[in-house]
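Chemist: sequence first, predicted coordinates after that:
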Amino acid sequence: MLTLHHVRGVRPGHAGEPLAGYAVVVDGARIAAIGPYEELRAAHGDRARVREWDGVLTPGRYEPEGAALLEAAYHPDPREAGELGSEPITGEALAALGMTETRWGASARRGVQRLLAAGTTALSGPFTRPAVRTAVQRSGLAEPLGGRPRALTVGGAADFAVFAEDGSCLATVLAGRLVYRRR
């Protein structure tokens, strides 16, 4: 299914001003078109689902220490909030938790959700814990060559984020799937 992402502007690369009035069409896991919204709406509107975002669409954020962040902290389950709180646990408190690979995997999944909510579309390793690597691979987050997400191009991966004027993330898309949406 085609999805037309209508935004205030599109910043195809990592720098520069956004292209005002532009939009992005996604077909499956790939970007099918980038261009002025009115042109894309005329060409694809009858076949595309339209998503409206009040922000700028970009390649997303890159977390160069993503693996280290996920492996150095325990992200408590909401059911543990009464006992452990809701913020990531590090240091001596982490050592006292008696972590298992299963618990690391669950923690990594919750940590990945925090990264997606911040508009992260790529991160780097190295990973030392198999459960953390598996959680990241299943999430769809990329480990980019060259150290950052690729620029948005027609035919390229549909990995991007939409940011509001205040810098907060409105949506994160990985392989064409909406994996985070601010409510």
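Modeler: Nice, I can see it.
Chemist: C-alpha only now, for contacts and for neighbours.
Modeler: Fine.
Chemist: which stretches of this protein have low pLDDT?
Modeler: 144-148 (pLDDT under 70).
Chemist: run through the strands of it in chain order.
Modeler: Along the chain, the segments classed as strands by DSSP state E run 2-6, 9-10, 19-20, 22-27, 30-36, 48-52, 56-58, 61-63, 120-123, 160-163, 169-174, 177-181.
Chemist: tell me which other helices or strands the longest one touches.
Modeler: Going back to what we said before, that points to strand 30-36. strand 22-27 (3 or more C-alpha pairs under 8 Å, 6 or more residues apart in numbering; DSSP states H and E).
Chemist: list the contacts of stretch 112-124.
Modeler: The contact list for stretch 112-124 (C-alpha atoms under 8 Å, 6 or more residues apart in numbering) reads 59-67, 70, 135-136, 139, 141-144, 147-149, 159-163, 168-174, 179-182.
Chemist: can I get it in CSV, CA atoms only?
Modeler: Taking Å, rounded to 0.1, in the frame of the first residue of the first chain, the C-alpha atoms of stretch 112-124 are listed here in CSV:
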residue,chain,number,x,y,z
VAL,A,112,14.5,0.8,21.8
GLN,A,113,11.0,2.2,22.3
ARG,A,114,12.5,5.3,24.0
LEU,A,115,15.0,5.7,21.1
LEU,A,116,12.1,5.4,18.6
ALA,A,117,10.1,8.0,20.5
ALA,A,118,13.1,10.4,20.2
GLY,A,119,13.2,9.9,16.4
THR,A,120,16.1,7.6,16.2
THR,A,121,16.3,5.6,13.0
ALA,A,122,19.9,4.3,13.3
LEU,A,123,22.4,3.3,16.0
SER,A,124,25.8,1.7,16.3
